[in-house]
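In: Sequence and predicted structure, then a few things I'm wondering about:
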Amino acid sequence: MPRKRGMDRIIRLLLIGMVLVALLTACGGSGDSHATPSSVAILPAFEKSAGEIEAATAGAIKKADAIVAGIVALKPGEATFTNCVTALDDAGYLIRNTSQRMNLLANVSPDESVRNKAGDSQVLLDEWIIDVFAREDLYAVLRACADANPKLEGEERRLLEITLREFTRNGLHLPPETRQRVLALQKDISQKTTDIQRNINEAAGDMVAVTESQARGIPETILSEYARDSRGNYLIPVGTTYKYVMFMEFCPDGEARKAVFEAANSMAADSNKALMADVVKKRAKTARLLGYASWADYVTETRMAATGQRAMDFVQGLIDGLEPKFRAESEVLSRLKEKETGNRGACLEAWDVVYYQRVLEKTVYSLDMESLRKYFRYETVLDGMFRVFEKVFSLKIQFVTPPWVWSPKVQLVRISDAGSGDVLGYLYLDMFPRTDQGKYSHFAMFPIVSGKRLAGGVYQRPVAALVCNFPEPTRERPALLAYDDVKTLFHEFGHALHELTTTAGYSAFSGISVPEDFVEVPSQNLEYWITDKRVLDHFAVNYQDPSDRLPADMAARIDEVQKACIAHFYRRQLAYGKMDLLLHTEIDPDADLDIVAYTNRVMSDNYLPFPEKSSTITAFGHLFGGYDAGYYGYAWANVIAADIASLFRASPQGFMDPVLGVRLRKEVYQTGNSRDVNESVERFLGRPWNIKAFLENLGISR
């Protein structure tokens with residue numbers, strides 16, 4: 001199709017100018033001299049006040065609007081892949097990076113006004129995306145480009161197809177009045193989901209008072225982690241994951257465990273119950289207006305599962321398959337409870353599981369997992385993990401001085417390719433709790449700047465952050481991690497490597513922008529590394545005696561212990577997955593919904609009974625933060641991750657095999673969504689993926 005070179009040149013100059021302005025205003029003097037001429041690694045200049053956030057948001061929207069205006073101004077015959085499809089990806093990139101920066105600030109800033117304004121800005125930026133993909137004039141230009149049958153291959157062809165699909169998924173095939181209803185629903189959902197996450201973050205500092213009598217039997221090293229009130233009661237912060245889990249593992253008082261469990265599973269109950277019910281019903285309305293049977297069908301259409309029913313079949317199949325092992329594990333844990341309490345016929349409750357798992361570890365396997373903390377000093381583990389993946393993935397990881405951080409303990413690392421020295425990206429580390437400052441209370445990787453090839457061919461390298469809540473150092477001892485904390489660290493670093501090693505040309509495909517039921521594969525995959533003694537030897541060292549490394553027989557017992565109650569772990573995960581799918585399949589948008597009673601019933605039917613006073617859904621932000629109709633994806637992804645790990649297990653070098661590691665980085669981590677993820681996995685494995693290794697890890701034979 002012929003095109004007018006003058007218009008193309010104007011648009012390209014506009015794009016180059018806007019991108020350069022965006023980069024220069026973001027860098028704050030932090031350009032990297034190690035970056036090659038074909039790439040640039042620039043740290044963002046974070047907004048430090050509500051006013052700066054408002055200005056940055058308005059500026060990004062203005063620049064993106066100008067790009068879109070240039071696209072819709074194209075006359076018939078002028079539309080090309082570059083001046084409309086690539087240009088739209090450029091506009092989306094400005095919005096995406098701004099939104100990601102705001103998302104981080106909303107979850108980590110110690111300034112409440114900054115957190116609130118950043119959350120508000122996210123809503124505006126989400127609305128911009130919703131509005132753009134509902135524009136008929138923009139769709140017409142893109143459709144004209146596609147109808148001209150441009151000769152596209154690979155990533156470019158995929159971008160055109162997926163971009164057009166997003167327009168149809170936003171109702172461009174519908175009458176104007178129906179489209180307006182969909183648009184209004186989407187914007188309302190965006191606002192409410194932002195409010196929901198904010199409510200959870202604000203509730204993260206909720207405390208439960210536990211008396212000295214109830215705390216009797218908990219090791220003093222653990223009790224020292226908790227503040228005390230004027231009466232001498234211990235205050236358990238239910239929103240700080242590691243402190244909550246430690247209490248549940250070690251408190252022998254069942255009533256105290258129940259009270260803390262109920263509180264942890266009822267955070268934000270008053271503020272989120274109605275909001276969550278409204279969002280679920282409005283999602284159902286949106287799906288019906290768009291022509292889908294359910295929100296689950298709408299969501300899974302773009303994922304590996306493809307349909308809500310296939311996702312449900314996967315979840316139910318695993319629930320059924322785990323039933324014999326789940327029952328056997330429950331019987332073992334119940335007998336331990338009988339023995340300890342002297343109550344014949346004692347019933348295992350949801351708040352008992354982690355406590356009696358620890359009793360099982362100590363009495364049956366002669367393994368005190370808490371005593372293993374001495375082998376996992378935080379700094380040693382972090383450094384050892386970096387050294388492991390430097391070798392396995394051919395990387396160089398170095399601490400550098402950040403130009404600015406939102407909290408004094410935040411650190412920054414630069415990750416480069418070991419061979420070329422090229423900078424791959426930057427990773428901020430915000431690793432310890434700040435429960436009084438509204439910080440995100442769990443563990444996550446936050447993208448900040450996504451990878452993308454800019455106008456002119458220069459590649460913008462990514463920037464991300466790990467936001468975690470690991471045990472803090474005290475006056476008596478350094479920060480010591482539990483074994484599960486180590487697993488979590490490897491998991492989140494897997495997300496970071498997926499984001500930072502990307503080579504995808506377009507922001508729509510870079511890093512973790514993959515189908516949501518695949519996004520956990522690179523992170524869950526790295527969890528398997530800590531099952532290898534050769535990996536553990538890089539960091540599992542007694543901080544009090546450097547000659548004392550984690551013994552091989554103990555590493556083997558840890559693996560046994562991890563599998564001993566694995567059915568309970570997965571049944572809980574799958575119960576959440578089923579709850580999620582049922583919420584987004586069965587709910588009538590026009591009927592009353594008691595979302596707490598409904599979800600508690602599903603959890604009780606598929607895991608263990610949840611107490612009436614709990615409202616687990618209101619504290620469960622995943623379903624309102626991107627995992628709606630997608631929580632099944634954790635188990636789905638672990639099936640694939642286990643299959644990938646099986647190749648390393650079969651290698652003579654185990655998980656330290658650099659040949660397999662570089663292949664994994666190249667075929668899976670770097671590619672993002674620039675090609676079908678099934679193809680990426682198959683290229684690494686040399687065959688289609690299957691469930692065999694996953695079932696073997698669970699101790700289930702087929």
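Out: That came through, no problem. Numbers count the residues shown, from 1 in each chain.

In: Show the average pLDDT along whichever strand or helix holds residue 328.
Out: Residue 328 belongs to helix 308-341 when assigned by DSSP states H and E. Computed over helix 308-341, the mean pLDDT rounds to 96.

In: ditto for stretch 132-146
Out: Stretch 132-146 comes out with an average pLDDT of 92.

In: Not counting stretch 680-700 itself, show me its contacts.
Out: With contact meaning CB atoms under 8 Å, 6 or more residues apart in numbering, stretch 680-700 is reached by 321-322, 325, 521, 563, 566-567, 570, 638-640, 642-647, 663-664, 667-668, 671, 678, 701-702. All C-beta spots, glycine's among them, are computed from the backbone N, C-alpha and C.

In: Generate the PyMOL command that creates a selection of the buried members of those.
Out: Remark: buried members of the contacts of stretch 680-700, expressed as a PyMOL selection using 16 or more other CB atoms under 10 Å:
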select buried, resi 321+322+325+521+566+567+570+638+639+640+642+643+644+645+646+647+663+664+667+668+671
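
In: now the strands for the stretch 151-300 of the chain?
Out: With DSSP state E, counting those that start in this stretch, the ranges of strands along the stretch 151-300 of the chain come out as 207-210, 227-228, 234-237.

In: now for the shortest one, which elements pack on it?
Out: The contact analysis (3 or more CB pairs under 8 Å, 6 or more residues apart in numbering; DSSP states H and E) places strand 227-228 against strand 234-237.

In: how far out from the middle of the chain is the strand it packs on?
Out: 27 Å (CA atoms, centre = their mean, to the nearest Å).

In: and what of stretch 413-431?
Out: Distance, centroid of stretch 413-431 to centroid of chain: 20 Å (CA atoms, centre = their mean).

In: What's the end-to-end length of that stretch?
Out: 13 Å (CA to CA, to the nearest Å).

In: Which residue ranges of the stretch 551-700 of the chain form helices?
Out: 552-564, 566-583, 595-606, 633-650, 658-664, 677-685, 692-698 (DSSP state H, counting those that start in this stretch).

In: Now the fifth one: buried residues?
Out: Neighbour-count burial for helix 658-664, counted by 16+ other CB under 10 Å, picks out 660, 661, 662, 663, 664.

In: Surely residue 350 is in a helix?
Out: No: going by DSSP: H, G, I helix; E, B strand; the rest coil, the assignment for residue 350 is coil, not a helix.

In: burial of it, as a residue count?
Out: 22 (other CB atoms under 10 Å).

In: Could you check how far the spatially most central residue of the chain is from residue 403?
Out: Nearest to the geometric centre of the chain sits residue 444, at 5.4 Å (CA atoms, centre = their mean). According to CB to CB, to the nearest Å, residue 444 stands 23 Å off from residue 403.

In: same question, residue 415
Out: 17 Å.

In: Can you name the next helix or strand after the lowest-mean-pLDDT helix or strand in the chain?
Out: None of the helices or strands of the chain scores lower by mean pLDDT, DSSP states H and E than helix 5-27, at a mean of 33. Counting by DSSP H and E, the next helix or strand C-terminal to helix 5-27 is strand 39-40.

In: about what we covered before: show me what the residue nearest to the centre of the chain is bridged to.
Out: In this structure, residue 444 bridges to residue 467 when assessed by DSSP bridges.

In: tell me the contacts of it?
Out: 466, 467, 468, 492, 495.

In: Reformat these into JSON lines and put pLDDT, neighbour count and distance to residue 216 next to each item.
Out: Listed next are the contacts of residue 444 as JSON lines, based on pLDDT from 0 to 100; neighbours: other CB atoms under 10 Å; distance: CB to CB, whole Å:
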{"residue": "466", "pLDDT": "98", "neighbour count": "21", "distance to residue 216": "36"}
{"residue": "467", "pLDDT": "97", "neighbour count": "22", "distance to residue 216": "35"}
{"residue": "468", "pLDDT": "97", "neighbour count": "21", "distance to residue 216": "31"}
{"residue": "492", "pLDDT": "98", "neighbour count": "18", "distance to residue 216": "35"}
{"residue": "495", "pLDDT": "98", "neighbour count": "24", "distance to residue 216": "40"}
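
In: still on that earlier bit, out of the strands of the stretch 151-300 of the chain, which is closest to residue 551?
Out: Minimum separation from residue 551 across the strands of the stretch 151-300 of the chain (CB to CB) falls at strand 234-237, 33.1 Å.

In: Give the buried residues for that closest one.
Out: Residues 234, 236, 237 are the ones in strand 234-237 that count as buried (16+ other CB under 10 Å).

In: rewinding a little: output the helices of the stretch 551-700 of the chain in JSON lines; the columns should cover mean pLDDT.
Out: Formatted as JSON lines, those follow (pLDDT from 0 to 100):
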{"stretch": "helix 552-564", "mean pLDDT": "88"}
{"stretch": "helix 566-583", "mean pLDDT": "96"}
{"stretch": "helix 595-606", "mean pLDDT": "96"}
{"stretch": "helix 633-650", "mean pLDDT": "96"}
{"stretch": "helix 658-664", "mean pLDDT": "98"}
{"stretch": "helix 677-685", "mean pLDDT": "97"}
{"stretch": "helix 692-698", "mean pLDDT": "90"}
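
In: what about residue 436, neighbour count?
Out: 10.

In: Same question for residue 147.
Out: With other CB under 10 Å as criterion, residue 147 counts 10.

In: distance of it from residue 164?
Out: 11 Å.

In: Kindly report the same for residue 309.
Out: According to CB to CB, residue 309 and residue 164 sit 25 Å apart.

In: Residue 196 too?
Out: Remark: distance between residue 196 and residue 164 (CB to CB) = 31 Å.

In: ok, the two, which is more surrounded?
Out: Using other CB under 10 Å, the more surrounded residue of residue 196 and residue 164 is residue 196, with 22 against 17.

In: I'm done for today, thanks for sticking with me.
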